[in-house]
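In: okay, here's the prediction I keep looking at, along with the sequence it came from:
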Amino acid sequence: MNSAPKIVGLGEILWDVFPDGARLGGAPSNFACHCNQLGGDAFPVSCVGNDELGQQTRTELEQRGVSTEFVQTNATYPTGRVQVTLDENGKPSYEIIEDVAWDHLSFTSEWKTLARSLDAACFGSLAQRSSESRETIRHFLHEMPEQSLKIFDVNLRKPFYSKEIVEESLKLATILKLSDEELPVLAEYFNLSGSVTEQLSALRNTFRLKLIAYTRGSEGSILSSADEINETSGFKVTAVDSVGAGDSFTAALCTGLLKGRSLAEVNTFANQVAAFVCSQQGACPTLPEEIKLS
């Protein structure tokens, strides 16, 4: 692929509001930010409110070099927020505010044109908590080219998921990315048994997926396709902030696959990128040139 692949992160944009201030987040926007750094032409596809946080969202994304062309503005609902509170030991708890702008994604002619031009999209379960956004996301994915990558990053957030949402998403996806904490949930949903690799193979076969990426934090990951199972032990770093590491892994997986690299190369690359993000403050640190694929 000679030109930069066209990629979107589809779903929520939100602010994590800590006692000491707010930080821009949301898996789809983090994913788009990392894809841009890794050689993609990437966009967040989402919605913000007509409010101060909505304007700050656009400003911060543009400062990161990420286009907000496909971020809608909803005048009725506020920009998404996650209220973060810390207990006396500093342990955080989260309240994902409901009925916000990204719960009201609207499928437009502009989004239809974009969907039909894509090489890849990444979506999750959280943005499908409302029926309106769920239908929009499914419509968007149906409009994408048949050969494009549709990555379902499960990203389970209680209580905003169900077997029905996960199952319908798997039917739409070509690639599944999930963690060692999420596999047991899917194992219960779909009666999976045996070793991890056997469970991944059963999932892949049931839903006719091209690939499953199974992440284990600092212990590395497994990539499972019909032809190959590749396992890596990951990279050891001094962890500073794990926020955004999973999204960076998915971005590296996506861009590596679009560049036609082998599963072994992609797996090593994705772990290297995620490890670096863990060693830095914030969800989208600037990636050094030496860990980018040429």
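Out: Everything's here; your move. Numbering: from 1, shown residues only.

In: what strand or helix carries residue 271?
Out: helix 263-278 (DSSP states H and E).

In: okay, buried residues for that helix please.
Out: 263, 266-278 (16 or more other CB atoms under 10 Å). Placement of C-beta: from N, CA and C, glycine included.

In: repeat that for stretch 187-201.
Out: So for stretch 187-201, counting by 16+ other CB under 10 Å, buried means 187, 190, 192, 196, 199, 200, 201.

In: for the first one, which non-adjacent residue is spatially closest?
Out: I take that to be residue 187. residue 199 (5.7 Å; CB to CB, 6 or more residues apart in numbering).

In: the one you found reaches residue 193, doesn't it?
Out: Yes. Counting by CB atoms under 8 Å, residue 199 does reach residue 193; the two are 7.1 Å apart.

In: common neighbours of those two, please.
Out: residue 187 (CB atoms under 8 Å, 6 or more residues apart in numbering).

In: work out the gap between the helix or strand harbouring residue 164 and the centre of the chain.
Out: Secondary structure assignment for residue 164, by DSSP H and E: helix 163-172. With CA atoms, centre = their mean, to the nearest Å as the basis, helix 163-172 stands 16 Å off its chain's centre.

In: that helix packs against which elements?
Out: helix 131-143, strand 149-153, helix 183-190 (3 or more CB pairs under 8 Å, 6 or more residues apart in numbering; DSSP states H and E).

In: how far does the last one sit from the chain's center?
Out: By that I understand helix 183-190. 20 Å.

In: how about the first one?
Out: For helix 131-143, the gap between its own C-alpha mean and the chain's C-alpha mean amounts to 16 Å (CA atoms, centre = their mean).

In: what angle do it and strand 149-153 make?
Out: 150 degrees (axes from the mean of the first three to the mean of the last three CA atoms, to 10 degrees).

In: and helix 131-143, what's its mean pLDDT?
Out: For helix 131-143, mean pLDDT is 98.

In: and it, what does it pack onto?
Out: strand 6-10, helix 109-115, strand 120-123, helix 163-172.

In: in CSV, list these along with mean pLDDT.
Out: What follows is the helices and strands packed on helix 131-143, written out as CSV (pLDDT from 0 to 100):
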stretch, mean pLDDT
strand 6-10, 98
helix 109-115, 98
strand 120-123, 98
helix 163-172, 98
